[in-house]
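Asks: Could you look at this predicted model? Sequence included:
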Amino acid sequence: MQPFKFYLITDTHYYKHSLSKYNEYYDDFMHYEQKCFAETQAINEAVFKWLGEANEADTVFIAGDLSFNGELESHLEFIKLLKSLQEKGKKVYVITADHDFKDTEDGCFGFDDNGWIHPEPTPRKELINLYNDFGFGEAIAVDEQHLSYVAQLTDGLRLLALNNDGCEDGGRYFEESHIAWIKEQTKKAREDGQMMIAMNHYPLIPGQPIFNIIGGTYQKDAGEVTKMLADEGVHLCFTGHMHNQSINVIETEKGNKFYDVCTGSIIADPAVIRLVNVIDDETVDIKTYDIPDFDYDTNGKSCKQYLADLFDNMIVNVLYDMAYDTDRMMAKFHLGAKLKPVLKIVGKTLQKTTVGGLGRMLFFKVDKSIKKEKVKDVAAELVRMMFEGNQYFKEGTPKGDAVLALFSRLRPVLKKINAKTIDGKSADIFELLKNSAGNYDIDDYNATLKLK
């Protein structure tokens, strides 16, 4: 096959700025938000300008959640950006996901002077027509029911573009008819001597080990689907959804590798663009770029710092409200009333306690360089690192050693948590936390993958 390069972005969540006012109702909504809202139009415009001028590849993949929440006007404006790429000679391949359609206006939202408003929604059945020019129209095979298609990217290379949000019961899983279609397409690819790569909105391998035990962070039935794809000859998939940056690999019982390359949303930390070079059917090289600064009042901050601060603010707000607005925090995360006294105590402790103080309370050693840092700030940094990837809370570092010592102290409690991993095995929470706090595996930003 010929080498093939493309740019990859995901979770654009485009929102037409004029659909909403940005007032106290908006501020209340953003209190617990990781991703931008008011800034999405400006961010998308900056990213698409960058992509239009970038000259290392003439193809762009977008892995789902194109609109903020299915607003029709957002889709129509976003499509103008897609067409601007085509006018500059770029080919564009998209998939849609659950943020791209709503059956009623209640699902779409914004704000006016009186509170919530609900712009016109986009029915799911309209998506294939809206995005016909961006993958569906030139596909060599289309599953209209499941909004999936196969595209011939270049001689010897095909894209398996998957959507699984069409189940009648609202579940996000691959129906039997969809699986049958996928196997038909992978078989054709093998018979035609074609390498096939996939794009699926939901991660097929949990982005971080701790996500193994958190529902909704990865594709339903992901273990079975991953093994099926790998054994059918598809060894690489590009995903989004979790807004986290990660590259993970598994090997099936038959000895087939499968890589899941999950990419951060462009409207939330970490906001990135990947450049993927499929060198041959065994080797894929990946490089990652930060998105460019955008035309919005960021209080003098760079794009990267602005989005990182937004993420940290979300975590800090959760921890503050745990102590001082417990009912609000519990309502947001659907927590039972019995937890309220415990949450208040833990929340107040986190607000006041330094890392050194926590070490003294729980009898573990803390390096003097971090003793005065507040636990709440380190906690926000730790969670952000899990989403940014290449986590640096590793053994041998001051913060890594402190966090691992804390996890060790909590190990008797963690062992009582009866949780199962994606493959149905009993979870070792300590190991999951350790490998989520520090990245000991593949570089999540720049890596050369060996598919076989």
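Replies: Here it is on my side, so go on. Residues are numbered from 1 along each chain as shown.
Asks: Which strands and helices lie in contact with the lengthiest helix in the chain?
Replies: Across the chain, the helix with the greatest residue count (assigned by DSSP state H) is helix 303-324. Judged by 3 or more CB pairs under 8 Å, 6 or more residues apart in numbering; DSSP states H and E, helix 303-324 is in contact with helix 326-332, helix 340-352, helix 375-388. Just so you know, the C-beta spots here come from the backbone N, C-alpha and C atoms, and that holds for glycine as well.
Asks: mean pLDDT lowest for which of those?
Replies: For the helices and strands packed on helix 303-324, the weakest mean pLDDT is recorded on helix 340-352, namely a mean of 90.
Asks: Convert that one to PDB, retaining C-alpha atoms only.
Replies: Extracted C-alpha coordinates of helix 340-352, given in PDB (Å, rounded to 0.1, in the frame of the first residue of the first chain):
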ATOM      1  CA  LYS A 340     -23.700  13.800  53.000                       C
ATOM      2  CA  PRO A 341     -22.100  13.900  56.400                       C
ATOM      3  CA  VAL A 342     -19.000  12.000  55.100                       C
ATOM      4  CA  LEU A 343     -18.700  14.200  52.100                       C
ATOM      5  CA  LYS A 344     -18.800  17.400  54.200                       C
ATOM      6  CA  ILE A 345     -16.100  16.100  56.500                       C
ATOM      7  CA  VAL A 346     -13.900  15.000  53.600                       C
ATOM      8  CA  GLY A 347     -14.500  18.200  51.700                       C
ATOM      9  CA  LYS A 348     -13.600  20.500  54.600                       C
ATOM     10  CA  THR A 349     -10.500  18.400  55.300                       C
ATOM     11  CA  LEU A 350      -9.400  18.700  51.700                       C
ATOM     12  CA  GLN A 351      -9.900  22.500  51.700                       C
ATOM     13  CA  LYS A 352      -7.600  23.100  54.600                       C
END
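Asks: just to revisit the earlier point, next, the angle from the longest helix of the chain to helix 340-352.
Replies: On the basis of axes from the mean of the first three to the mean of the last three CA atoms, to 10 degrees, helix 303-324 is oriented at 130 degrees to helix 340-352.
Asks: what about the helices in this structure?
Replies: Along the chain, counting by DSSP H, helices occupy 24-30, 40-53, 72-87, 127-130, 176-191, 222-231, 303-324, 326-332, 340-352, 355-362, 375-388, 398-409, 411-414, 429-437.
Asks: in the chain, which ranges drop under the pLDDT threshold?
Replies: 167-170 (pLDDT under 70).
Asks: hang on, the earlier thing: JSON lines for the helices of the chain, including mean neighbour count?
Replies: Formatted as JSON lines, the helices of the chain follow (neighbours: other CB atoms under 10 Å):
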{"stretch": "helix 24-30", "mean neighbour count": "14"}
{"stretch": "helix 40-53", "mean neighbour count": "20"}
{"stretch": "helix 72-87", "mean neighbour count": "18"}
{"stretch": "helix 127-130", "mean neighbour count": "18"}
{"stretch": "helix 176-191", "mean neighbour count": "16"}
{"stretch": "helix 222-231", "mean neighbour count": "20"}
{"stretch": "helix 303-324", "mean neighbour count": "19"}
{"stretch": "helix 326-332", "mean neighbour count": "15"}
{"stretch": "helix 340-352", "mean neighbour count": "15"}
{"stretch": "helix 355-362", "mean neighbour count": "17"}
{"stretch": "helix 375-388", "mean neighbour count": "20"}
{"stretch": "helix 398-409", "mean neighbour count": "19"}
{"stretch": "helix 411-414", "mean neighbour count": "12"}
{"stretch": "helix 429-437", "mean neighbour count": "20"}
